[in-house]
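Peer 1: have a look at this prediction, sequence included:
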Amino acid sequence: MFFITENEFKKLPLEKKYKVVSEEGHFIAKRIYRGMEVYLYKINEFYAEVWKRYMMAEIHWIEPVPEKHLEKYADFVDLKSLMK
């Protein structure tokens, strides 16, 4: 089983963060914010957001998100998919 802490994740370059998210992350929800698509993933004990320009494949940044900011996703989470 793969494990990475939030602090270790923060120190990774963008390409390695993307690899961790795509291989180990569990997709939770997607939202649109100011022309950006923001994807929320759960990785081990923390959450991370992947930010990319709307309708483009270019990722601009990937960063951990504090749990207090998870409420932004309340309207976008499919609870049925999380129960599988």
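Peer 2: That came through fine.

Peer 1: just checking, next helix/strand downstream of the lengthiest helix in the chain?
Peer 2: Using DSSP state H to define each element, the chain has its longest helix at helix 14-24. Once helix 14-24 ends, the next helix or strand along the chain (criterion: DSSP states H and E) is strand 26-33.

Peer 1: secondary structure class for Lys72?
Peer 2: helix (DSSP: H, G, I helix; E, B strand; the rest coil).

Peer 1: count the residues that sit near it.
Peer 2: 15 (other Cβ atoms under 10 Å). For glycine as for every other residue, the C-beta is placed from the backbone atoms N, C-alpha and C.

Peer 1: pLDDT below threshold where in this structure?
Peer 2: 1, 76-84 (pLDDT under 70).

Peer 1: switch to 80 and redo it
Peer 2: Within the chain, the ranges that satisfy pLDDT under 80 run 1, 54, 71-84.

Peer 1: tell me how far the longest helix of the chain is from the chain's mean position?
Peer 2: Counting by Cα atoms, centre = their mean, to the nearest Å, helix 14-24 is centred 10 Å from the centre of its parent chain.

Peer 1: for it, give me every contacting residue.
Peer 2: Outside helix 14-24, the residues that touch it by Cβ atoms under 8 Å, 6 or more residues apart in numbering are 2, 4, 9, 12, 41, 43-44, 48, 50, 59, 61-62.
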